[in-house]
Each structure stands twice: as structure tokens, then as C-alpha cells.
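J.: Below are the sequence and a predicted model for it; my questions follow.
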Number of protein chains: 2
Amino acid sequence: MGIAQDIKQSSFKSQFNKAIVNIIYTNGWLNQSQVQFFKEYGLTTPQFNLLRILRGQYPNPATVNLLIERMLDKSSNASRIVDKLEAKKLVARKQCSKDRRAVDVIITEKGLELLAEIDVALHEWEEGFRSLTDEECETLNSLLDKIRLGKEKGAD
Amino acid sequence: MGIAQDIKQSSFKSQFNKAIVNIIYTNGWLNQSQVQFFKEYGLTTPQFNLLRILRGQYPNPATVNLLIERMLDKSSNASRIVDKLEAKKLVARKQCSKDRRAVDVIITEKGLELLAEIDVALHEWEEGFRSLTDEECETLNSLLDKIRLGKEKGAD
DNA sequence: TTATTTTGAATGTTGTTACATTAAATGTAG
DNA sequence: CTACATTTAATGTAACAACATTCAAAATAA
């Protein structure tokens, strides 16, 4: 039932090593489920994340730079992700008036509506396999935060 | 210092939601570091994982099917990963004698030597940002296991 | 002012992933 | 045995990611 059985590895070098493998495996497990979920809405996970950032800014626009900065996976392909969302009319681009190099990206009404629709289903999706109490979640969050603190690089 | 600051999101729908985002973000953080680490040895993360499975089988071979089954990220590109490793002479392929459809993949001496070299450095890498006690690791592991139990699919 | 450097976004390139298809070997039913 | 389905691995393809490069705009320096 634990990670050892899931990946069929009977021993680990250390508890810490086991924890790292567990994070990676659990992420993969979550990711697979998420990809399936968003597929129903014609979105990829990065597209959804980008939309959510834009909603956070709404009604203000965000520049591509801001998007890159805030994306969970800083892959810097923000420009192309915006392309995809623009093609679906979920976001709009216009040149920034203050800096003509920059581009203002703003979520459209259609984008907001889609997100609102997803919100409900996403909440159900999460509740569907929610298995931790709030207190356990807090413990988990603080442990994960602590791992990253162990070697924090310029994360800001 | 926590996930909220790291991704500049001030509030979450729930503690559970925050935990999920935290897992994803922490995984990305770990992954970035791992990719850098393995690059020095001319390996990608999937290549390393596959090699490690093969060492686990050594001196027995593994079929491609077994590799797919045990990989952390079951992307089913095992065949092409084996291609890469074979080109580097880290693994060898030969037709399985019992089933001529199957292919026996075995790690070479060179592969074993490379893994041994990596082992040392990898342990240092882990210790370099180890920030949890064994007890905390155990807590983390059990919480992550519990999340996956919440909606276990045929994970075997 | 002009020249140089830096910045913001887009694009090119290469390798990888995800998913479907193929081809050969095996298993199974008649 | 033949015919058909299944299994194993490899390959084709399209989308995607990572990383470098480009190009215009802006900031800075001379």
C-alpha cells in the first residue's frame, strides 16, 4: 500500500530518499489524473495554470514576463501557451501602452466562464480523493516547505 | 517561505488544495535539481531510473515490459530509452531465448560502474539539502501514501 | 545626439513525451 | 494444421518542453 509496493522497490537508502521518491511518484500520480481531468475542457495543465494566473490579475492584464514568473513550472514557453489560449479566444493580447516591447495579456469573458465551470468540477475532483484532514494537510505542507528550505535558491 | 510566497498566491481554496499545489511545486523544484545533477553524467532522469531498475535485476535481464511496469513515469517509451542507453554501451539487448518476441535487457559492466559512481554523488546531493529528520520523513511518507490511497486505481 | 547594452517577447531547433500503429511471435479455437 | 486474437517491442507522428537565438524597444553611456 505504501510507496515501496507501488514502485516495487523493497528498500531505500534512507527515509529521506524514500520521501523524495514518494514525492516524485505522487506527483506523477496526481499529474496523470489532472491531465485526464483538463482534457475534458480542451486544456492542458500549463494552459489552465496560466489562465488561473490571469484570472488572479483580472481585470488587470499580465505581461508574459509576469506569467513566466508565476507559473508553477517555469518552462518559459509562456509565449506559445498564450498562442494556444488566444486561438481558443480564452485570452487576448494587446501591446502594452507603457512599454511597447511588452504585451498585455488578459483573460476574456469566455476564459472566465470556462474557469468558473472548471472550478466546480475541480473541487469535486479534489474532494473525490481527499483523504487527509486539514491538520494533516498542514503537516504535509510544512514538511514540503521545509524540504525546499533545505536548499533554497533564488526562488524569488 | 512557504508555498504561498513561493508561487505568490495568497490564498487557497482549501488546505488540501494547497497540499496538492505544494506537491506539484516541490516536485518541480526537485526535478530541476535532479536534471542538473544527472546532466553531469550524460544521463536524463528516465535513463537513470531505467538503469537503476536494471541493476536491481542484475545479473538477471529484464524485458522491456518489466521496465515499463517498474518505471516511475510509465510513459512507455522504454524502448527508446533503451536505445539511448545501448548507444552509450550502458546496457545490452539480446533476444530472449524463451520468447522470441521479448527482448532481454541487461546492464553492462560500464553501466554498473557509472551507477556506482553516481551513487556516491547522489547521496551527497541528497544530504546537501536534507532538512527533515527520519521521523519527519516517515510522517511525510505516510501522508503521501494516504493521498494516493484516497483514489487508488489499479496501481497493482 | 549616437552607440552600446539590456530587456521583453517571439521564434528556431532539438530532443522528449504521449498516443497510435505496425510487425513478428505466440497462444488459442476450430 | 489454419485462422484469428493477443502479446511484445519497435516505430511513426504530433504536440510539447528545454534551450538558444533573434528582433524590436528601451535604458544607459559616451
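T.: Noted; the coordinates are in hand. Numbering: from 1, shown residues only, chains lettered A, B, ... in the order given.
J.: Just give me the neighbour total for the nearest residue in space to A:Arg52 that is not next to it in sequence.
T.: Nearest residue to A:Arg52, sequence neighbours excluded (C-beta to C-beta, 6 or more residues apart in numbering or on different chains): A:Leu115, at 6.8 Å. (C-beta placed from N, C-alpha, C; glycine too.) Around A:Leu115 there are 20 other residues, counting by other C-beta atoms under 10 Å in any protein chain shown.
J.: Now do the same for the helix or strand harbouring A:Leu66: mean pLDDT, whole number.
T.: Per DSSP states H and E, A:Leu66 falls inside helix A:64-70. For helix A:64-70, the mean per-residue pLDDT is 94.
J.: List the buried residues for that helix?
T.: A:64, A:66-68, A:70 (16 or more other C-beta atoms under 10 Å in any protein chain shown).
J.: Quick one: check that helix for contact with DNA strand D.
T.: No: judged by C-beta under 7 Å from any atom of the strand, helix A:64-70 makes no contact with DNA strand D; its nearest approach is 10.6 Å.
J.: So which elements touch that helix?
T.: The contact analysis (3 or more C-beta pairs under 8 Å, 6 or more residues apart in numbering or on different chains; DSSP states H and E) places helix A:64-70 against helix A:45-57, helix A:78-87, strand A:103-107.
J.: So what touches it?
T.: For helix A:64-70, the surrounding residues in contact (C-beta atoms under 8 Å, 6 or more residues apart in numbering or on different chains) are A:50, A:53-54, A:57, A:74, A:76, A:78-79, A:82, A:102-103, A:105, B:7-8.
J.: Switch those over to TSV; also include pLDDT, neighbour count and distance to B:Lys94.
T.: Output for those, formatted as TSV (pLDDT from 0 to 100; neighbours: other C-beta atoms under 10 Å in any protein chain shown; distance: C-beta to C-beta, whole Å):
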residue	pLDDT	neighbour count	distance to B:Lys94
A:Leu50	96	28	47
A:Ile53	95	23	51
A:Leu54	97	27	53
A:Gln57	94	17	57
A:Lys74	75	12	42
A:Ser76	77	11	42
A:Ala78	96	23	46
A:Ser79	97	13	46
A:Val82	98	22	49
A:Ala102	97	15	58
A:Val103	97	18	55
A:Val105	98	25	54
B:Ile7	86	19	48
B:Lys8	85	12	53
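J.: filter these down to the ones near DNA strand C?
T.: Restricting these to those near DNA strand C - C-beta under 7 Å from any atom of the strand - leaves A:78-79, A:82, A:102-103.
J.: what's the closest of those residues to B:Pro46?
T.: A:Ala78 (25.2 Å; C-beta to C-beta).
J.: pretty sure that closest one is in contact with A:Leu50, am I right?
T.: Yes: between A:Ala78 and A:Leu50 there is a contact at 6.8 Å, judged by C-beta atoms under 8 Å.
J.: list the residues that contact both of these two?
T.: By C-beta under 8 Å, 6+ apart, the residues touching both A:Ala78 and A:Leu50 are A:67, A:71.
J.: Span of stretch A:88-108 from start to end?
T.: By C-alpha to C-alpha, to the nearest Å, the extent of stretch A:88-108 from end to end equals 10 Å.
J.: Correction: the previous question concerned stretch A:71-79.
T.: Termini of stretch A:71-79 sit 12 Å apart (C-alpha to C-alpha).
J.: outside of that stretch, which residues touch it?
T.: A:46, A:49-50, A:53, A:64, A:67-68, B:7, B:21, B:24-25, B:28.
J.: let's see it at 6 Å
T.: The contact list for stretch A:71-79 (C-beta atoms under 6 Å, 6 or more residues apart in numbering or on different chains) reads A:49, A:64, A:67-68, B:24-25, B:28.
J.: Pipe those into CSV and attach distance to DNA strand C per row.
T.: Shown next, in CSV, are the contacts of stretch A:71-79 (distance: C-beta to the nearest atom of the strand, whole Å):
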residue, distance to DNA strand C
A:Asn49, 16
A:Val64, 4
A:Leu67, 8
A:Ile68, 7
B:Ile24, 14
B:Tyr25, 18
B:Gly28, 14
